[in-house]
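Visitor: Just to be clear, the model below is a prediction. Sequence and coordinates:
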Amino acid sequence: MKRVRWIRSGIEEDLDIRQQRLLDHVLSVIQEYYADLHETRRCYQQPLSLKRLCQLANRSGYQVLNAIRVLANTVGPGESEPLIFYDRVQSERNKSHRPYRIFLRKRR
């Protein structure tokens, strides 16, 4: 079991093997997207969206969204900042639509 600490609250949580496998899979898909696919073709010009991540990871939106929230708001032992971050911006056509944009944090 892996122990992670939530950033804002400082609460530590143990992740079981199934949760850890999902987080590792989603993180590897994000890393693969930015290493191999981003800006290679016209359909990969935009930052990684939640829909595209669900397609690449072959998981449901609920599972991927929970994994994104855990990855973006927790740190493992010996880490100072989360591995990824995301934001939500308004669409130009429909102001109530706020798609997720998922980014990989640069390592220092």
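Guide: Looks like it arrived, so ask away.

Visitor: quick check: longest helix of this protein.
Guide: helix 17-32 (DSSP state H).

Visitor: and it, what does it pack onto?
Guide: Applying 3 or more Cβ pairs under 8 Å, 6 or more residues apart in numbering; DSSP states H and E, one finds that helix 17-32 contacts helix 50-57, helix 61-73, strand 100-104. C-betas here are computed from N, CA, C, even on glycine.

Visitor: want to throw these into a markdown table with mean neighbour count, distance to residue 91 and mean pLDDT?
Guide: Listed next are the helices and strands packed on helix 17-32 as a markdown table, based on neighbours: other Cβ atoms under 10 Å; distance: least, Cβ to Cβ, whole Å; pLDDT from 0 to 100:
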| stretch | mean neighbour count | distance to residue 91 | mean pLDDT |
| --- | --- | --- | --- |
| helix 50-57 | 17 | 13 | 93 |
| helix 61-73 | 17 | 18 | 95 |
| strand 100-104 | 17 | 11 | 91 |
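
Visitor: May I see those organised as a markdown table, with distance to residue 10 added?
Guide: What follows is those, written out as a markdown table (distance: least, Cβ to Cβ, whole Å):
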| stretch | distance to residue 10 |
| --- | --- |
| helix 50-57 | 27 |
| helix 61-73 | 12 |
| strand 100-104 | 24 |
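
Visitor: I'd like to know which of the ones you listed is closest to residue 34.
Guide: strand 100-104 (4.9 Å; Cβ to Cβ).

Visitor: Closest to the centroid, which residue in the chain?
Guide: With distances taken as Cα atoms, centre = their mean, the residue of the chain nearest its centroid is residue 68 (3.7 Å).
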